[in-house]
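K.L.:
This is a predicted model, with the sequence first.
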Amino acid sequence: MEFEKELDVYLRARSTLMCVVSFEEERVIDCIKSVCEASKPARALTVWDHADYAATIVGGGGSDFGSVKDALTILEAIDKANGDRVFVLKDFHQCWKGQDKVVRKLRNLARKLKFTKKTIIITMPASQIPEELRDDVLVLEFPSPGFEDLSEILEGLAKTPGLRVDLTREGREKVVRSALGLSANQAQRVFAKAIVSDGVLDDRDIGLINAEKKQIIRASGALEFFAPSETIDDVGGLEVLKQWLRMREEDFSQAARDYGIPEPKGLLLIGIPGTGKSLTAKMIAGLWRLPLIRLDVGALFGGLVGQSEENTRRALQLAETVSPCLLWIDEIEKGLAYGGGDSGTSSRVFSSILTWMQEKAKPVFVVATANDVGSLPPELQRPGRFDQAFFLDLPAEVERRQIFEVHIRKRKRPVADYGLDRLAKASAGYVGAEIEQAVIDAMHIGYYDPNSRRRDFTTEDILEALKGRVRMSESQREAIGILRQWLSDGRALSASFPEVKQAQAQMVPLLDLPSRN
């Protein structure tokens, strides 16, 4: 409805050339038709494409366009037409490729029609506007189907003879919300598959819908959907960060809106690899019970002019459609190689993401992780982009003990059977990922022990596994020093300890690590 209102305003304002970007051509045409029919008097509407040619679907007087078969001729016919009329040219971007005369004629028409009541609307799946037309064309983004649209699709399926929909009011809402982010056609196919799979659509099909949605979003190229699975108990340490998250657990609720609390914007997580940044992103989704979408920034870049910007726009629009959700941008400094000698493409993509982060109106919480803070452009760190920046250091002894406990418990072993204090002391300088791998290596030692095959792994096995690993604190010594300087400069908070001095006191000394021999 908002799009229809916006379109009606532009038509009444005599906007002569518009481009509507969407894969859902059928919904776009229906929307334009509704606007034309609702006008007083109704606007005539003629639709043309280079395969089936012209058809007038609202009003009359369209007989002159039926035999028009090429792009230049249809533009000439529009020029000669009379009255208050809208012309929809479907996939017209395919007609101006390499056709300078078509682009020139369209420019002439865009200016000439200002003195008439005629408007040209071009529909296309992606914004591919020639440079010559950028000042003349108004580009509109057609929104993906919202909750009400998907509800109508579900209601239509429910009325189909032979199909059963057995949903309570709550169940119906859950099913529809699980389909947010899909196009109308995709949602209809997913709903139909759920019904056909067992003869009925009910609460049990939400998992199937989420699985289909995951595949569809992944097929978009730059996004990957994760169902919330990690819990706050799956992450050892990081108590300050956990407390920060617990205090904002209900920030997306209507009660928080009524109280006046703004929706949170996002977090910047800084630290060397293996300290739990990616795990934290998954944990937030589980804690807040929100879908998690990972943005692969590298996949945004395409070979065609304007393709990267279009991919970025489409990915961010999809994230907003699925909202409230978490958008996880992993290793953001690698994907946004600022000024990377690519004719400014990476700069434009970076600028698009920054502008969206600052101005987004939908509840999308951004979780960005970074390993190399030296590569982060200043614009990313400006206040307002993120609610907070947290530094994830090498885990302190108390945190290493918790991490060992998490991974031993995850392997379904009694935690009391292991010397957690000994393990915590012996693992100074190891990150969480290395501790997890040491537990896995210890399991192999016990499983393949030639003296007692498949025996249970022990504390001694874990200690032995630790000795065989090169610590991240050794290979990343310089990087850790730079990151810790960020903490000392007050540019980030410690994820583990509330005060800078306390955090610094708990830091594992890089120059005095215990021997592994």
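P.N.:
It's in.

K.L.:
Now do the contacts for the spatially most distant residue from the centre of the chain.
P.N.:
The C-alpha centroid of the chain is most remote from residue 451, which lies 51.5 Å away (CA atoms, centre = their mean). Neighbouring residues of residue 451 by CB atoms under 8 Å, 6 or more residues apart in numbering: there are none. No exception for glycine: its C-beta is placed from N, CA and C like everyone else's.

K.L.:
next one: the one 3 residues further on
P.N.:
Residues near residue 454 by CB under 8 Å, 6+ apart: 446, 447.

K.L.:
what's the answer for residue 469, then?
P.N.:
Counting by CB under 8 Å, 6+ apart, residue 469 makes contact with 430, 434, 437, 438, 441, 516.

K.L.:
next one: residue 241
P.N.:
Applying CB under 8 Å, 6+ apart, we find residue 241 in contact with 280, 390, 392, 495, 496.

K.L.:
Return the distance of the one helix or strand it maps to from the chain's centre.
P.N.:
Per DSSP states H and E, residue 241 falls inside helix 239-246. Remark: helix 239-246 is offset 23 Å from the chain centroid, using CA atoms, centre = their mean, to the nearest Å.

K.L.:
List the buried residues of the helix or strand following that helix.
P.N.:
Downstream of helix 239-246, the next assigned helix or strand under DSSP H and E is helix 254-259. Within helix 254-259, the residues that count as buried by 16 or more other CB atoms under 10 Å are residue 256.

K.L.:
Please apply the same query to stretch 13-32.
P.N.:
Judged by neighbour count (16+ other CB under 10 Å), stretch 13-32 contains these buried residues: 15-25, 27-29, 31-32.

K.L.:
Farthest pair within the residues you listed?
P.N.:
Using CB to CB, the buried residues of stretch 13-32 span at most 25.0 Å, a distance reached by 16 and 23.

K.L.:
so where do the strands sit in the stretch 201-350 of the chain?
P.N.:
Along the stretch 201-350 of the chain, counting by DSSP state E, counting those that start in this stretch, strands occupy 223-226, 266-271, 292-295, 325-329.

K.L.:
Tally up the residues packed near the nearest residue to residue 67 once chain neighbours are set aside, please.
P.N.:
Spatial nearest neighbour of residue 67, chain neighbours left out: residue 53 (7.1 Å); criterion: CB to CB, 6 or more residues apart in numbering. By the criterion of other CB atoms under 10 Å, residue 53 has 15 neighbours.

K.L.:
Would you mind confirming that residue 53 makes contact with residue 71?
P.N.:
No - using CB atoms under 8 Å, residue 53 is not in contact with residue 71, being 11.4 Å away.

K.L.:
from the contacts of residue 469, which two are the most distant?
P.N.:
Farthest pair in the contacts of residue 469 (CB to CB) is 437 and 516. Separation: 14.5 Å.

K.L.:
quick revisit: make a markdown table from the contacts of residue 241 and add pLDDT and distance to residue 231 to it.
P.N.:
Below are the contacts of residue 241 laid out as a markdown table (pLDDT from 0 to 100; distance: CB to CB, whole Å):
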| residue | pLDDT | distance to residue 231 |
| --- | --- | --- |
| 280 | 91 | 12 |
| 390 | 92 | 19 |
| 392 | 91 | 18 |
| 495 | 88 | 17 |
| 496 | 85 | 19 |
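
K.L.:
could those residues go into CSV alongside neighbour count and distance to residue 60?
P.N.:
Shown next, in CSV, are these (neighbours: other CB atoms under 10 Å; distance: CB to CB, whole Å):
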residue, neighbour count, distance to residue 60
280, 27, 62
390, 22, 65
392, 25, 68
495, 29, 68
496, 25, 73
